[in-house]
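> Quick one, fold the following:
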Amino acid sequence: MGDEEDTITETYPTKSPQEYEKADNIYLLYEKKKSIIILLGRLLLKCGCPCHRVDETLQHTAKILALDASFSFLPDSVLVSFLYENSTQSIMVKAPQGYDTGKIGRINDIMNCFFKGEVDLDSCLVQLHEVATSPPTCGIWSTLFFFVVSSALAAVVVFGGGWMDSAISSMTGLMVAILFILSTHFPIYARVFEISASVCVAMVARALHNYCCFTSVAMASILILLPGYTMTMGVIELSARHITTGVIRLVYSIFYAFQLAYGLQVGSSLYNAINPNAPEDKMCGQQPISPWFYIPLLPLLSISISLSYGSSKKQWISQMFSATIAFTLSYFLGRVVPDGQIVGSIAAFAIGLYSNFSLKVTGEPPLAPLCVGVTLLVPGSIGVRGAYSMLHQNDHGQGIFALQMLTIALGLSAGLFAAAMIVYPSGKKRSMYISL
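From the prediction side, this is the model:
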């Protein structure tokens, strides 16, 4: 008998085409879910949502999508880590900082419909892409409008100036608007925009010292640039235990206030070299306009500030109410209570209550009315004034301007957190909550 060789054949389990197709569909679904998280994070950061609210929103969305994800934030970026089948993938999502509460309202509507099951995953992703690719809510003409109108009205309503101060502030506000638009088109100029704008405003205000009050015109012309809202956001993020983003915003806002004050001081000194005998505050302390004019002017001021945050028309009404509550309380309480921190806390608590109750009625995110109301309360002008006094008068006692900004911002954040705690004591778990 011949030798017989045994042939050993190894067989491996094979997948059917249906199983491969199922695996591909599962992976495709996972990629779509990832895309929603990444796109949502980028949009919220780009539109000016505070990082601790972005974190809460992404955590809630990841839970709804059954994704294992963690997030780490910087003011202009978020590091997203996904855990899938024992492997980790980290993606850094970066977004330029800006404000567009109109888009935040659209995002809020889209995601709430998705959470309620009214739109599917694909429709949600398509709608988010439409928001991402759409132009800003406010264009160039809106930018010119809100710089001019906010400067003109803030001079009389916020900084106690007269009608001549208002007229001159509108011209300097237009100048700042043109420089701002140039800075958006030429990145190399954007690095010196704040200082150059402050220098130009200071020189014009000093040159017209016989007709206007320097302080009213200078502060009103750079109202949109004042960093108080950023500082308040930084304090709120610190209170929410977002240490990195809170500290970065806090330090940046103090530096930004000093930068604006430095520009004002340089512009004032340049004109002083041309005309050394020109008084700075010759027209300050004049009789301000009648407070009755505040009634028609305040809604216009609130709309101009709303446009600076990229608000849509349907958000103007709630923002006008928020601005009216903030200004009315601060105006009348300021005559009774001498402590600005207490006044700011009470006013912030009131607009916080209004904004959160407004969410229950209209569905608009509280961030939209809050940003306008808080802008009328924030300590940006205090910081710029203090830094300017320290630079211009060599009065080092004015160096506490940063502490003054911080204490007022702390009062505002305490009022806002207290209002949110009363309206939503256990948080808002079934839908998005985009607020300060």
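
> How far off centre is the top helix by length along the chain?
What stands out as the longest helix in the chain, according to DSSP state H, is helix 243-274. The gap between where helix 243-274 is centred and where its chain is centred comes out at 19 Å by CA atoms, centre = their mean, to the nearest Å.

> and the next element down the chain from that helix?
Next in sequence after helix 243-274, counting helices and strands by DSSP states H and E, comes helix 294-308.

> And the contacts of the following helix or strand past that next one?
For helix 294-308, the succeeding helix or strand toward the C-terminus, using DSSP H and E, is helix 316-336. Contacts made with helix 316-336 from outside it, assessed by CB atoms under 8 Å, 6 or more residues apart in numbering, are listed as 157, 291, 294, 298-299, 301-303, 305-306, 311, 340, 342-344, 346-348, 350-351, 354-355, 358, 362, 364, 368-374, 376-377. C-beta: built from backbone N, CA, C; applies to glycine.

> Okay, buried residues for the helix or strand following helix 316-336 please.
Next in sequence after helix 316-336, counting helices and strands by DSSP H and E, comes helix 340-362. Within helix 340-362, the residues that count as buried by 16 or more other CB atoms under 10 Å are 340-341, 343-345, 347-356, 358-359.

> Kindly report the same for stretch 141-149.
Applying 16+ other CB under 10 Å to stretch 141-149 flags 142-149 as buried.

> same check, this time on stretch 256-276
Under the neighbour-count criterion of 16+ other CB under 10 Å, stretch 256-276 has 256-268, 271 buried.

> same question, stretch 80-94
80, 82, 93.

> again, but for stretch 164-177
Taking 16+ other CB under 10 Å as the basis for neighbour counts, the residues of stretch 164-177 that come out buried are 164-166, 168-170, 172-177.

> tell me which element S81 is part of?
When secondary structure is defined using DSSP H and E, the element that contains S81 is strand 77-84.

> from the middle of its chain, how far away would that strand be?
24 Å.

> Identify the residue spatially nearest to A167, adjacent ones excluded.
On the basis of CB to CB, 6 or more residues apart in numbering, the spatially nearest residue to A167 that is not a chain neighbour turns out to be A152, at 7.1 Å.

> isn't S308 right next to S150, touching?
Yes: counting by CB atoms under 8 Å, S308 sits close enough to S150 to count as a contact (6.8 Å).

> Please identify which of those two sits among more neighbours.
S150 (30 against 22; other CB atoms under 10 Å).

> Could you report the neighbour count for the residue lying closest to the more buried one once chain neighbours are set aside?
The spatially closest residue to S150, leaving aside those adjacent along the chain, is S304, at 4.0 Å (CB to CB, 6+ apart). As a burial measure, S304 scores 24 neighbours (other CB under 10 Å).

> Could you report the pLDDT at S304?
Taken from the predicted model, the pLDDT recorded for S304 is 89.

> and the gap between it and V131?
For S304, the distance to V131 under the criterion CB to CB, to the nearest Å works out to 24 Å.
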